[in-house]
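# quick one, structure for this:
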Amino acid sequence: MSKHGKVLVAMSGGIDSTVAAMMMHEQGYEVIGITMKTWDYANSGGSSKETGCCSLDSINDARQVSVDKGFHHFIFDIREEFGDYVIDNFVDEYMAGRTPNPCVLCNTHIKWSALLKRADALDCEFIVTGHYAKIGEHLDRKFIIKSKDTHKDQSYVLWGLSQECLNRSMFPLGDFTKPEVRQMAFDWGYTDLSKKGESYEICFVPDNDYRGFLKRKVEGLEERVDGGLFVNKDGEILGKHKGYPFYTIGQRRGLGLAFGEPMYVTEIQPEQNKVILGTMDELLRNGMTVGQINSMKYPEIPDGLEAVTQIRYNDPGTLSVLKNDGASVGVEFYANVKGVAPGQSAVFYEGDHVIGGGLIRSGRKF
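Below you'll find the model as predicted:
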């Protein structure tokens, strides 16, 4: 019988989830490792070698640790449920002229759901992951707190977790930096793992070519969208583009046009197959509307609350005031921001505390 109980640890084969599993084992928990097969890259038609959490090498790495330490390890195939939801949404969002964040969607609707289901079946009280984040409590509610390592902090991608998920989750790496985690792996004898590189690609697009992925997934896509128009805010034609799904808000490079000043994608109009280009001033926004809200720290996002709002993973955030009308949250920034992209996540912070978040519907100027 374990000292602390039984936990289910999500093990991708990478250094972070491996160290998380080792930490729980060292602390006296009964550990059950689980590796989820979410995607078979060969089915996408890509040319790159399969890498990341779904590769055979990664699965074997996760299993080896469990063998070394004598705890159970299972592999679950969730490709069907992952593909139906995450990949279909990824394609649909680009076809609607928005920029999706599949990692947030996967965490919220697929991985945690799959983990909780297996945790119940295996009689595990908690699920454990290698995310760099912490969990706090306020008024009987759980919420995410930024990790000690500000460079690796992953609080942004966890805004969608429900109270049920948070009540049963543990993030043992939240109080450690990445170098400290590498040192732990080294000290435990996993020299190769301690030197293992990072993976930043979308798991089902390991070659980082999302345009190629869309072409393979949507039959006849190039013929349907090729030859659309670049226009300015006044509707004047600036040239032809290769199809609106292949551009994102804030994009400057790869437009195939030369101007006397830097020009950016400021808007995408999928119905007309038009991409609006403008100057930096035309790209800037001082407000936006956010929907599909998940409130963490409070039962609902307080109307009129000041918060730092982050609009992408590596965004430092901007001080803002939140206007909650019940159906959505309006965000009024105290300084102009660039690259407000519908479909991306907006996450609201009080200091290091995640108040909640949602999906950007539109940017606007007041």
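
# next helix or strand past the lowest-mean-pLDDT helix or strand in the chain?
None of the helices or strands of the chain scores lower by mean pLDDT, DSSP states H and E than helix 191-194, at a mean of 78. Using DSSP states H and E, the helix or strand that follows helix 191-194 in sequence is helix 210-217.

# counting by contacts, list what the helix or strand following that next one packs against.
Downstream of helix 210-217, the first helix or strand assigned by DSSP H and E is helix 221-225. Using 3 or more C-beta pairs under 8 Å, 6 or more residues apart in numbering; DSSP states H and E as the contact test, the elements touching helix 221-225 are helix 210-217. C-beta coordinates here come from the backbone N, C-alpha and C atoms, glycine included.

# returning to what we had before: list the buried residues in the least confident helix or strand of the chain.
Going by neighbour count (16 or more other C-beta atoms under 10 Å), the buried part of helix 191-194 is 193, 194.

# and if you look at stretch 302-317?
For stretch 302-317, by 16+ other C-beta under 10 Å, it's 305, 307, 308, 309, 310, 311, 312, 313, 315, 317.

# isn't there a strand covering residue 266?
Yes. Counting by DSSP: H, G, I helix; E, B strand; the rest coil, residue 266 falls inside a strand.

# I figured it hits residue 283, correct?
Yes. Assessed by C-beta atoms under 8 Å, residue 266 is found in contact with residue 283 at 5.0 Å.

# need the residues touching each of the two.
residue 249 (C-beta atoms under 8 Å, 6 or more residues apart in numbering).

# which stretches in the stretch 251-366 of the chain count as strands?
264-269, 274-278, 285-295, 306-310, 318-324, 329-337, 345-350, 353-364 (DSSP state E, counting those that start in this stretch).

# got the contact list for the third one?
To tie it back to what came earlier, the one meant is strand 285-295. Taking C-beta under 8 Å, 6+ apart as the rule, strand 285-295 contacts 108, 159-162, 301, 311, 327-333, 335-338, 340, 346, 355-366.

# name only those of those that count as buried.
For the contacts of strand 285-295, buried by 16+ other C-beta under 10 Å: 108, 159-161, 301, 311, 328-331, 333, 337-338, 340, 346, 355-361, 363.

# who are the packing partners of the least confident helix or strand of the chain?
Packed next to helix 191-194, using 3+ C-beta pairs under 8 Å, 6+ apart, are helix 15-26, helix 178-187.

# of these, which stretch is the most buried?
helix 15-26 (a mean of 23; mean count of other C-beta atoms under 10 Å).

# so which residues make contact with it?
Counting by C-beta under 8 Å, 6+ apart, 7, 9-11, 31, 33, 61-62, 65-66, 69, 71, 128-132, 170-173, 181-182, 184-185, 188, 190, 193-194, 196 sit against helix 15-26.

# from those, which land in helices?
Per DSSP state H, helices hold the following members of those: 61, 62, 65, 66, 69, 181, 182, 184, 185, 193, 194.

# got the strands of the stretch 251-366 of the chain as a markdown table, with distance to residue 92 columns?
Below are those laid out as a markdown table (distance: least, C-beta to C-beta, whole Å):
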| stretch | distance to residue 92 |
| --- | --- |
| strand 264-269 | 14 |
| strand 274-278 | 19 |
| strand 285-295 | 14 |
| strand 306-310 | 24 |
| strand 318-324 | 27 |
| strand 329-337 | 23 |
| strand 345-350 | 17 |
| strand 353-364 | 13 |
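
# let's have these in TSV, adding mean pLDDT.
Formatted as TSV, the strands of the stretch 251-366 of the chain follow (pLDDT from 0 to 100):
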stretch	mean pLDDT
strand 264-269	96
strand 274-278	97
strand 285-295	97
strand 306-310	98
strand 318-324	98
strand 329-337	97
strand 345-350	98
strand 353-364	95
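
# among those, which is nearest residue 225?
Closest of the strands of the stretch 251-366 of the chain to residue 225 is strand 274-278, at 10.4 Å (criterion: C-beta to C-beta).

# quick one: strands adjacent to that closest one?
strand 229-231 (parallel), strand 264-269 (antiparallel) (DSSP bridges).

# so for residue 102, which of those sits nearest?
strand 264-269 (18.3 Å).

# buried residues in that closest one?
Buried-residue list, strand 264-269, by 16+ other C-beta under 10 Å: 264, 265, 266, 267, 268.
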